[in-house]
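**Student:** Here is a sequence with its predicted model. Questions after.
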Amino acid sequence: MTRTQLHKTLLAAAIAASFGVAHAADTPAASAPADPQQSTTTTDATPPANAPKKDGTSADAQQKDAVNLSGVVVTPLRESLQSAQTLKQDSRMITDSIVAEDIGKLPDNSVADALQRITGVQVAQGFQGETSSVVIRGLPNVITTLDGREIFSGVGRAFAFQNLPSTAVKTVQVYKTSEASLPDGGIAGMVDMQLFRPFDFDGPKVAATFTETNSKYAAHTDPNGSVLLSDRWKTDIGEFGALINVGYDKQHYDYNAVWDDFPKVLTTGAGDPVRTSNGNLIAAPNGFGADYNIGDRTRQEMNYALQWKPNDSTEIYIEGLYDWDSDNYNQPYFFSFPVGSVDPQNVKVGNTCYPDQLTGSAYYGQTICDMTSGSWTGNTYAATSTQAHQEWGHDIQNAIGAKWHGDRLNLSTDLSFNSSSFHEQTFIIDTFLQAPITTVWNGGHNWSLVGNPASNPANFYLNGLYQDWDNQRGTQTAWRGDGNYDLNGSFFQYIDFGLRYSDHKAEYVGSTQISTPPPGGTGDISLNPNPANQVIARFPSGYCCNQPGTQAIPVSWLSGCFNYLTNNADAIRTLYGLPTGLAPENPGRYYQIDEKSYAGYFQLGYGNELWGMPFDGLAGMRVERVKRNLDAFSYDASTNIYTPLSDSTSAPVYLPNLSFNLHIKDNLQFRFVAAKTLTYPDFGQLNPSLSLNPGTINRAGAAASGNPDLKPIRSNNYDASLEWYFAPAGYLSGGVFYRDINGYIQNYVTDVTIQGQPYQLSSPQSAGSGHLDGAEFAYQQFFDFLPEPLNGLGVQFNYTYIEGSTRSPQFIGGPVVTSPLQNVSKNNGNAVLMYEKFGWSARLAYNYRSRFIDGFNQPTVAGVNDEVKPANQVDFSLGYDVNKYFTVVLNATNIFGANLHQYFGDGDGSPRDIRYQDKTIGLGVRFKM
């Protein structure tokens with residue numbers, strides 16, 4: 001069957017699809033746009049009707065399947081999987097999707113968490129207890145759209161998925177290949193989030209969710225909920241629809257990490273190397289510590305949509321999203337750095353030995369073996385530090401547009417306005433412990449101070465005061481116009497064409513961290529400290545708070561209280577001889593970028609038959625020019641002077657694409673896609689200014705700088721897949737992909753000296769040529785053939801193998817080597833066991849991701865790699881339909897308590913940290929009518 005109905009109406013098909021879905025389970029329609037940018041009025045629009053259409057996907061067939069599938073009643077879980085499967089099957093590109101089971105019900109607690117269930121997508125948690133990193137096939141270079149329009153957070157190019165409550169989302173679609181009509185900017189792919197609209201429902205709709213979630217480590221139970229109201233009316237001037245959705249999410253979190261500092265040659269207090277009985281060197285951590293993140297976060301969200309259909313050919317809409325985030329958290333540190341300060345005792349060494357990889361060292365290449373335990377007693381430095389963070393921000397998008405279709409010509413226009421901000425204030429006081437101190441290390445991350453002196457406030461003395469703040473703001477005005485013309489040809493069937501303009505501004509201002517000593521100085525750290533700066537002398541009461549223990553550090557210890565620091569910040573500044581209020585703006589923390597882009601595209605849709613099998617595809621070109629103006633400050637380390645800097649760039653980009661889809665059978669198809677893609681450097685990566693965080697007695701300072709010479713990452717992408725859809729909610733697919741990448745941007749850490757002080761400088765650099773390739777497999781099925789009650793069982797499996805490397809310096813200034821790409825795990829997968837029957841719906845899901853390189857350090861004895869072994873966790877959800885209006889839900893995450901481990905080098909002998917990821921359990925209710 002060929003598509004010949006485009007000239008009649010795309011919009012009618014969209015509304016018909018949404019009616020069919022509403023009849024089944026009030027879930028999103030099974031059809032979705034081939035290009036979300038072109039579907040600005042409803043996400044249920046179908047691809048151009050004159051492209052070949054697979055049999056068995058008509059609106060009538062969908063509605064029949066929604067009622068009964070070979071005697072199986074379609075329930076919300078089945079319907080969501082069927083809808084996602086139809087999206088994949090009908091897409092012009094290689095995509096995968098997640099569709100909400102019901103209003104307010106994605107399969108996970110957040111959009112970011114839900115993405116990990118998609119084949120080839122990997123996620124990671126940040127230090128604030130939630131998923132904050134999303135990569136596609138190991139690459140973080142992802143463009144994010146909301147209902148087809150670009151959306152971002154702060155001064156970044158990507159959107160913080162955790163900012164959008166999952167209760168607002170109808171569909172999340174991941175595009176792994178590209179075409180000319182899609183916005184450029186992501187060599188990894190594109191994630192499009194689609195929200196509900198009033199024309200998704202056939203009449204009035206009310207839906208609400210409410211859940212109470214308990215976090216084990218945070219020891220709190222917090223609420224989250226949402227309410228959706230929608231209706232549509234027929235009037236003398238056409239049909240109107242209005243929708244509003246609001247959401248609220250509260251979370252207390254306690255995300256704790258215990259760490260070892262970088263490995264180095266074990267020495268005596270005099271600096272002489274300690275050797276084993278057979279003369280080998282010994283590798284020991286530079287120090288030991290803990291980093292806790294204990295916070296209280298609130299997120300609020302509101303989205304609205306207004307639709308007007310004055311006639312069968314025209315639709316006009318206005319829609320928008322607002323989200324707000326407020327996060328206050330205490331980040332207490334506890335650490336000891338005895339290694340190299342005093343003679344070690346009770347040294348034990350394991351069997352893990354290797355050549356010393358510290359380039360430039362007198363011991364380079366000599367055999368060095370990992371120490372497994374030991375102790376140090378004497379005048380060594382141990383301390384706690386309290387970092388009080390206050391963060392808040394928002395993301396806003398508003399849009400207005402229209403869509404018109406004629407007999408053969410279809411046109412649409414969309415004007416959008418984005419505004420995003422993020423603000424952070426950090427206030428830090430260091431306190432050190434009076435020596436002598438005995439530090440005991442039991443290997444791994446288990447360490448302690450004998451006698452637990454950190455539990456006695458009389459042992460603490462004031463050290464430096466640090467303060468830091470930054471304000472990030474991003475705005476964008478974007479317009480696009482799209483068209484489609486039906487050629488009605490036997491081979492060339494239709495033309496897509498369009499223009500896009502965007503003006504994106506990003507501004508970052510702030511103050512660099514500074515270290516100010518307490519009044520009268522610290523004295524002799526740490527054997528003879530200044531008695532006037534004993535903490536209980538300066539702050540007689542209320543300053544110290546107990547910090548929780550962990551499996552590695554089972555005792556509690558003291559550090560400054562978050563509320564004491566934030567409520568008395570000005571008084572503490574005055575004590576330290578500083579002016580009240582925030583520190584003055586620092587040139588090293590400033591940049592302003594204005595980026596204008598002008599794009600146009602043209603592509604042909606073609607199709608015919610080959611050996612009796614229908615085929616179709618696209619051939620097109622996207623042309624874009626980006627004009628970028630940068631204002632910042634350069635830094636001269638010899639004079640400590642910042643100088644204003646302005647830079648401008650303007651370059652054209654040509655991005656061709658070609659795809660071919662062969663429909664071997666109605667339910668079996670082969671795809672091949674080739675396209676050029678690119679990713680622009682993040683705005684912060686382009687900032688040449690230098691941000692300095694001075695060092696302490698125990699280690700070098702930290703410095704960060706961008707690189708205005710960074711070029712876009714370019715990639716030639718090739719994808720092929722074979723897809724078999726053997727049931728309405730069952731399919732088997734396999735695919736391969738290859739990325740020829742040039743200029744991949746990676747971060748490096750380099751030891752530098754600035755104003756006579758040692759710093760570790762982190763900066764991005766463009767690597768040379770590289771590649772990424774791999775294979776994917778996905779399988780989904782309900783076992784309807786089993787006898788009751790087992791016929792409610794279903795499974796989902798997916799697996800992705802990824803391999804990648806690039807030519808780049810081993811470290812800045814070092815030799816050029818072939819090294820693995822950052823973020824790439826070779827083995828990735830999901831296994832999900834599902835059950836839905838008799839009103840019950842259950843899902844048990846396991847996510848797996850193998851070890852990967854997180855970054856590249858300055859060389860150590862263990863090498864330059866900083867590697868992560870992810871926390872591969874098991875999650876569970878259970879729902880029961882009390883009646884057609886109410887559903888009770890139970891959700892549990894990380895039920896077996898998986899933790900994240902990080903290592904120096906490519907082995908397990910030099911652990912960097914262990915991060916204790918929380919377990920949660922939530923109980924709630926969903927209502928709809």
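**Tutor:** Noted; the coordinates are in hand. Numbers count the residues shown, from 1 in each chain.
**Student:** middle-most residue in this structure, spatially?
**Tutor:** residue 133 (2.3 Å; CA atoms, centre = their mean).
**Student:** where does the chain have its least confident helix or strand?
**Tutor:** Here the helix or strand of the chain ranked lowest by mean pLDDT, DSSP states H and E is helix 10-24, holding a mean of 32.
**Student:** The helix or strand where residue 403 lies - contacts with which helices or strands?
**Tutor:** Following DSSP states H and E, one finds residue 403 within strand 381-405. Under the contact criterion of 3 or more CB pairs under 8 Å, 6 or more residues apart in numbering; DSSP states H and E, strand 381-405 touches helix 10-24, strand 314-337, strand 409-433, strand 460-486, strand 557-560, helix 562-567. Glycine gets a C-beta too; all of them are placed from N, C-alpha and C.
**Student:** Compute the inter-axis angle for it and strand 409-433.
**Tutor:** With axes from the mean of the first three to the mean of the last three CA atoms, to 10 degrees applied, the angle from strand 381-405 to strand 409-433 works out at 170 degrees.
**Student:** could you give the mean pLDDT of strand 381-405?
**Tutor:** For strand 381-405, the mean pLDDT works out to 96.
**Student:** Check stretch 706-724 too.
**Tutor:** For stretch 706-724, the per-residue pLDDT averages 92.
**Student:** Next, the buried residues of it.
**Tutor:** Across stretch 706-724, burial judged by 16 or more other CB atoms under 10 Å covers 706-708, 710, 712-717, 719-721, 723.
**Student:** Tell me the gap between it and the middle of its chain.
**Tutor:** 18 Å (CA atoms, centre = their mean, to the nearest Å).
**Student:** and what of stretch 145-159?
**Tutor:** Using CA atoms, centre = their mean, the offset of stretch 145-159 from its chain centre is 12 Å.
**Student:** Show me the helices in the protein, by range?
**Tutor:** Secondary structure of the chain, counting by DSSP state H: helices at 10-24, 59-67, 76-90, 111-115, 535-538, 562-567, 569-575, 683-686.
**Student:** How far off centre is the fourth one?
**Tutor:** The chain centroid and the centroid of helix 111-115 are separated by 9 Å, computed with CA atoms, centre = their mean.
**Student:** List the contacts of that helix.
**Tutor:** Residues outside helix 111-115 that contact it (CB atoms under 8 Å, 6 or more residues apart in numbering) are 98, 106-108, 121, 123, 130-132, 134, 161-162, 164-166, 169, 172, 174, 191, 193, 893.
**Student:** At which residues are the strands of the stretch 51-200 of the chain located?
**Tutor:** 95-99, 121-125, 131-136, 142-146, 149-150, 169-175, 189-195 (DSSP state E, counting those that start in this stretch).
**Student:** Let me see the contact set for residue 794.
**Tutor:** 77-78, 81, 729, 780-783, 833-836.
**Student:** Show me the shaky parts of the stretch 551-700 of the chain.
**Tutor:** 693-700 (pLDDT under 70).
**Student:** Any regions of this structure where pLDDT drops low?
**Tutor:** Looking at the chain by pLDDT under 70, you get 1-74, 693-700, 810-814.
**Student:** follow-up on the earlier one: identify the residues contacting the residue nearest to the centre of the chain.
**Tutor:** Residue 133 touches 123-126, 140, counting by CB under 8 Å, 6+ apart.
**Student:** same deal with residue 927?
**Tutor:** With the criterion set at CB under 8 Å, 6+ apart, residue 927 makes contact with 206-209, 885-887.
**Student:** What of residue 851?
**Tutor:** Applying CB under 8 Å, 6+ apart, the residues contacting residue 851 are 825, 867-870.
**Student:** Recalculate using a threshold of 6 Å.
**Tutor:** When contacts are counted by CB atoms under 6 Å, 6 or more residues apart in numbering, residue 851 touches 867, 869.
**Student:** now swap in the one 10 residues further on and tell me
**Tutor:** Neighbouring residues of residue 861 by CB under 6 Å, 6+ apart: 263, 283, 356-358, 368.
**Student:** Go again with 8 Å.
**Tutor:** 263-265, 281, 283, 356-358, 361, 368.
**Student:** Could you do residue 156 as well?
**Tutor:** Applying CB under 8 Å, 6+ apart, the residues near residue 156 are 474, 682-684.
**Student:** Could you rerun that using 7 Å?
**Tutor:** residue 682 (CB atoms under 7 Å, 6 or more residues apart in numbering).
**Student:** if I look at it, how far off is residue 642?
**Tutor:** Residue 156 sits 24 Å away from residue 642, going by CB to CB, to the nearest Å.
**Student:** Check residue 421 too.
**Tutor:** If you go by CB to CB, the gap between residue 421 and residue 642 works out to 25 Å.
**Student:** Same question for residue 366.
**Tutor:** Distance from residue 366 to residue 642, by CB to CB: 43 Å.
**Student:** which among the contacts of helix 111-115 end up buried?
**Tutor:** Counted by 16+ other CB under 10 Å, the contacts of helix 111-115 give 98, 106-108, 121, 123, 130-131, 134, 161-162, 164-166, 169, 172, 174, 191, 193, 893 as buried.
**Student:** Tell me the one of the buried residues of stretch 706-724 nearest residue 588?
**Tutor:** residue 706 (10.9 Å; CB to CB).
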